[in-house]
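In: predicted model, plus sequence, below.
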Amino acid sequence: MPTITVNGHTLHTAEAGSGPPVVLVHGTLQDQRYWAPQMQPLAEAGFRAIALSLRHFWPEQWDGVGDDFTIAQHMEDVAAVIRTLGGPVRLVGHSRGGHIAFRLAGAYPELLHQLILAEPGGELDETLGGAPATGAQAAVFAQAAEMVRDGKLEEGMAFFADYTGGKGAWGRRPEARRQVARDNARTLLGQINEARKPYGLAAVKLIRTPTLFVQGENTQPQFKTIIAAMLPQVPGAASVVVPRATHSMSLENPADFNTAMLGFFAKG
């Protein structure tokens, strides 16, 4: 398995193809394997696909101890990876990975050529029509993490899956996908005190990279709300809905996701 060391930490990657680089960043309870349905199509389209396992995710076995599991640290790690590639790159982020990609686009626009935000995770502040900080999402993450800490792994995974994929989502998922979540279960401990900042209008207005927002047709309302608030504020941004899919649209309907992704890249 290829590795790259940045900021004093070794990250594991999966790679396919050659050509202009596309960096793919996974979300909560995922790792580089999340992007398996995208790797070969990207390679066949003439790109070098690089899927990262972020700091402390599989195959790393993390004990949940330390203060380096944050959006900011993961963002700096991804930025460092892009610099080793010579940037700028095409960047794809899903869920929490979308949040990381969003923050990177605002902080280091010179590192990006194009940006895909697939249902970026988080909450909106009042400047984007959100409610005053309720901490609702953080509370869900914390409760799931405490279940994992208490040895109730399956209960924790099911509780979290209900939030992102709807009631009963855990039971509907293939066993291979559930195992990926189990492999990364202890990373939830890092999110208890992550204090993820909500999206605000000033931060969204920093995005100047050509951007595509992607959502699943049957996704949960909170993800649709985030995209609806951001889309008009990013100049020239486009959006696409992947049919017959929920939050994990690139896994559930990879054919349509890949068509949208490659179509967007072709415009660059």
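Out: Thanks, I have it. Because the structure is predicted, anything quoted here is derived from the model rather than measured.
In: what strand or helix carries the closest residue to V148 other than its chain neighbours?
Out: Excluding its sequence neighbours, the residue lying closest to V148 (CB to CB, 6 or more residues apart in numbering) is G156, at 4.3 Å. In short, each C-beta sits where N, CA and C put it, glycine included. For G156, the host element (DSSP states H and E) is helix 153-165.
In: N258 too?
Out: Element membership for N258, per DSSP H and E: helix 254-266.
In: and Q179, how far is that from G156?
Out: Distance of Q179 to G156, given as CB to CB, to the nearest Å: 15 Å.
In: please say which of those two ends up with more neighbours.
Out: Neighbour count, other CB atoms under 10 Å: between Q179 and G156, G156 has more, with 24 against 13.
In: where exactly do the strands run in the stretch 101-250 of the chain?
Out: Using DSSP state E, counting those that start in this stretch, the strands of the stretch 101-250 of the chain run over residues 112-118, 211-216, 238-242.
In: how about the contacts made by the nearest residue to A80 once chain neighbours are set aside?
Out: The shortest distance from A80 to any non-neighbouring residue, by CB to CB, 6+ apart, is to V6 (3.6 Å). By CB atoms under 8 Å, 6 or more residues apart in numbering, the contact list for V6 reads 77, 80-81, 84.
In: can I assume the residue nearest to V148 is in contact with A145?
Out: Yes: with contact defined as CB atoms under 8 Å, G156 counts as touching A145 (7.0 Å).
In: what touches both of the two?
Out: By CB under 8 Å, 6+ apart, G156 and A145 have these common neighbours: L188.
In: M157 against R186, yeah?
Out: No: applying CB under 8 Å, one finds M157 not in contact with R186, separated by 11.6 Å.
In: where do the contact lists of these two overlap?
Out: V148.
In: so the two - more neighbours on which side?
Out: The neighbour count for M157 versus R186, taken as other CB under 10 Å, is higher for M157 (23 against 19).
In: show me where this protein has helices.
Out: 36-44, 71-85, 96-107, 136-149, 153-165, 169-172, 175-183, 188-191, 201-204, 221-230, 249-252, 254-266 (DSSP state H).
In: with respect to L128, which of the ones you listed lies nearest?
Out: Ranking the helices of the chain by proximity to L128 (CB to CB) places helix 221-230 first, at 4.3 Å.
In: list the buried ones in that closest one?
Out: Neighbour counts over helix 221-230 (16 or more other CB atoms under 10 Å) mark 222-223, 226-227, 229-230 as buried.
In: and the angle for that helix with helix 96-107?
Out: Here helix 221-230 runs at an angle of 20 degrees relative to helix 96-107 (axes from the mean of the first three to the mean of the last three CA atoms, to 10 degrees).
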